[in-house]
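Participant: Using only what follows, build the 3D model:
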Amino acid sequence: MSLAFDSRVGAYALIVHDQQVLLTHWNPRRADFDGAWTLPGGGMEPGEQPETTMLREVLEETGYTVATDTMLGVHSRWMSPEQRLDGNPREYHACRVLYTAHVVDGELTVEEDGSSDDTRWVPLVELDELDRLDLVDQALRLAGLGTWVDQPEEQPSPVVEQDIEE
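Facilitator: Reported below is the predicted structural model:
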């Protein structure tokens, strides 16, 4: 027996310059959710490598061409159907590959007709004033910049692994 769930692999960039972080405002265009600030990045296309995804998504969402510095790690998030914004009744596993990068060319531009409706450089000292996805905080912690965000009061509980009967 296998567990039926949806999954999505994405790649994202943490870009910090002059004590500011580049963020995009993710807007799922739902009346009951105003969106939140997150890292530039998004879902992989068929056959695409994670780093290529990150480079493409950063350009689409911000107008910047970036160069990869390092892979920070992988952030995994499991969501119940109740946590999903799309109303789908299946559980959801998001797997996000996180990179650090720096801008090499381009001008700051807001994506048109995409999932982001704003992009900007945010001073690190102002991060706690923003509604943001946890992905931002996870990347900052992995990069050794966790002092700029509130530390979680408790660690997330692990997802209990289950034996899968075949």
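
Participant: Now do the longest helix along the chain: distance to the chain's middle.
Facilitator: Under DSSP state H, the helix in the chain containing the largest number of residues is helix 50-62. In this view, helix 50-62 has its centroid 12 Å away from the chain centroid, taken as CA atoms, centre = their mean, to the nearest Å.

Participant: so after that helix, what's the next helix or strand?
Facilitator: strand 64-79 (DSSP states H and E).

Participant: who does that following strand pair up with?
Facilitator: On the basis of DSSP bridges, the sheet neighbours of strand 64-79 come out as strand 91-106 (antiparallel).

Participant: residues of the next helix-or-strand element following the partner strand that come out buried?
Facilitator: Counting by DSSP H and E, the next helix or strand C-terminal to strand 91-106 is strand 116-123. Neighbour-count burial for strand 116-123 flags S116, T119, V122 (criterion: 16 or more other CB atoms under 10 Å). The way it works is simple: take the backbone N, C-alpha and C, and place the C-beta from them, glycine included.

Participant: Residues touching the very next helix or strand once past strand 116-123, excluding its own?
Facilitator: Note on strand 116-123: by DSSP H and E, the next helix or strand toward the C-terminus is helix 134-142. Helix 134-142 has contacts (CB atoms under 8 Å, 6 or more residues apart in numbering) with 12, 14, 21, 23, 37-39, 72-73, 75, 77, 96, 98, 127, 146, 148-150.

Participant: what separates the residue nearest to N27 when sequence neighbours are not counted from A101, distance-wise?
Facilitator: Distances taken as CB to CB, 6 or more residues apart in numbering put G35 closest to N27, at 3.8 Å, once the chain neighbours are dropped. The gap separating G35 from A101 is 23 Å, by CB to CB, to the nearest Å.

Participant: how about V149, what does it touch?
Facilitator: L127, D128, V136, D137, L140, R141.

Participant: can you rerun that using 7 Å?
Facilitator: Neighbouring residues of V149 by CB atoms under 7 Å, 6 or more residues apart in numbering: L127, D128, D137, L140.

Participant: where's the dip in pLDDT among those residues?
Facilitator: Ranked by pLDDT, the contacts of V149 bottom out at D128 (88).

Participant: Could you tell me how far stretch 16-29 lies from the centre of the chain?
Facilitator: Centroid separation for stretch 16-29 versus its chain: 10 Å, with CA atoms, centre = their mean.

Participant: Show me the shaky parts of the chain.
Facilitator: 1-2, 29-31, 85, 150-166 (pLDDT under 70).
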